[in-house]
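Colleague: Got a sequence here, can you build the structure:
(one chain, ligands or ions: 1)
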Amino acid sequence: MKTYTEGAKAVFKFSYTSSYMGTPDGNCHGVKHSTIEEWAKEALWRSDIPPSYCKVEKEWYENKIVIIIDCDILYRKCQDPREFAMHYSKMLQQVAIEHWINMIVQVTYQIHGTYRLGWGGGTGGSTGEHKPKPSDGPYVDNYASGVTPKNAIPEECDSLPYSNKAKSAMKEMLDSLFSLKPYKGAKYNYIDFSQYKKIIKEHGNIEHASAIEVYDDNRHYMVEPEKGGLSDRAKYHYGPYTKYIIHNHPNFTPPSAKDLLNLCLAAANPECTNICGSIVFIDENTYYALIINDRNKAAAMFKEIENEVDDTTNDFKLDGKCSKVLELYKENLNFKSSHDIAIARLSTIINHFNGGISIVKCHITDKSDYTTYGSEKISYKPIKC
Ligand SMILES: [Zn+2]
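Modeller: Numbers count the residues shown, from 1 in each chain. As a prediction, the model looks like this:
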């Protein structure tokens, strides 16, 4: 039997196009993404999986619904994720056709974490049983148009000046993280990394943030994150001794606009002279970091983006100046992977405000590999190195 790890999650990504099938009435019919999200939840009910057990998300700039289900819950309903993907696609199409919308659905799925059945990932497509012919004339699908997604962010090392510095800063952070020791302090309880991971495992769908502090003895200490009563986001303390902050992303996403804002806020705080970045914990082997290369620039960016982040979505406000910048470069921000899009957007904003912050990803394998992300000064083309 294969090893079994609790907390394994199945991530299904459904790309769709939709077209109106109803009687022509002279109006142009499109489907809002929020409507599709509602339908996605309805289709979960019909598949006998309560939506409250899942995360249903939209992906930025793409007609995509992402559904994250605990493998344990999925396994109770269906023992083959591929079969579930196909079944669910049909359910989604069924809901849509009841509203006179024909959906064409493409699905890819991946299992994060080890699961006892050794589930992997795969792709599938479904054009629907209803087989209506694509409508033309005035009933143009608002979502089917748009630019074709590119594959991935191109690699261009020479253009990222801080790349090596940021990578080694992240390596230092991770090394310190893995060598933490628990300690009972007067004011705080300090934990090691295995205890942090245990907390995350026990409260998997909540973000837990914690500060890593360096005191006069030059050792690293991790402040135990606040537990209990947390709705969605953990509060955390930081101060003059804080070296960096770590928090987890239950939905495996890269650092958010909110994470960037929080780090800029810390950089702008005259008390926090030792802060050098923040880590996002994805899983045992995957970490992102925002690294401060230039504290003054990061502090100056805080003033620029202070009121730009939406507290509900943790993303840039739709009507703010950051959105205007992103709109300007949206051709550059079109990738197949939603994570690439998220990273490219963040680096575009950092570039625009000359924020002095690098985005680094570390994937730990036999030989850990570090990738820095940024964008070209002139064209704002996203690049990695
Ligand atoms: Zn975050």
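Colleague: is any part of stretch 340-355 close to the ion?
Modeller: No - with Cβ under 5 Å from the ion as the criterion, the ion is not reached by stretch 340-355; the gap is at least 10.9 Å. For glycine as for every other residue, the C-beta is placed from the backbone atoms N, C-alpha and C.
Colleague: number of nearby residues for Lys77?
Modeller: When neighbours are defined as other Cβ atoms under 10 Å, Lys77 has 12 of them.
Colleague: Please disregard the earlier target; I meant Ile245.
Modeller: 23.
Colleague: Give me the sheet partners of the host helix or strand of it and which way each runs.
Modeller: In the assignment (DSSP states H and E), Ile245 maps to strand 242-248. Partners of strand 242-248 in the sheet, by DSSP bridges, are strand 209-214 (antiparallel), strand 277-283 (parallel).
Colleague: Reformat the ones you listed as TSV; add mean pLDDT.
Modeller: Formatted as TSV, the strands paired with strand 242-248 follow (pLDDT from 0 to 100):
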stretch	mean pLDDT
strand 209-214	94
strand 277-283	96
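Colleague: Quickly check: the helix or strand that the strand holding Ile245 is followed by near the ion or not.
Modeller: Once strand 242-248 ends, the next helix or strand along the chain (criterion: DSSP H and E) is helix 257-268. Yes - shown here: helix 257-268 in contact with the ion (Cβ under 5 Å from the ion) through Asp259.
Colleague: Measure how helix 257-268 sits relative to strand 277-283, angle-wise.
Modeller: For helix 257-268 against strand 277-283, the angle by axes from the mean of the first three to the mean of the last three Cα atoms, to 10 degrees is 150 degrees.
Colleague: I'd like to know which elements the longest helix seen in the chain is packed against.
Modeller: Assignment by DSSP state H gives helix 81-98 as the longest helix of the chain. In terms of contacts (3 or more Cβ pairs under 8 Å, 6 or more residues apart in numbering; DSSP states H and E), helix 81-98 is packed against strand 9-20, helix 33-46, helix 71-77, strand 101-112, strand 121-126.
Colleague: Out of the ones you listed, the one nearest Lys181 is which?
Modeller: Closest approach to Lys181 among the helices and strands packed on helix 81-98 (Cβ to Cβ): strand 101-112, 29.2 Å.
Colleague: which intervals of the stretch 51-200 of the chain have sub-threshold pLDDT?
Modeller: Scanning the stretch 51-200 of the chain for pLDDT under 70 picks out 53, 57-62, 114-116, 118, 122-148.
Colleague: surely Asn285 meets Ile364?
Modeller: Yes - if you go by Cβ atoms under 8 Å, Asn285 and Ile364 touch, sitting 4.5 Å apart.
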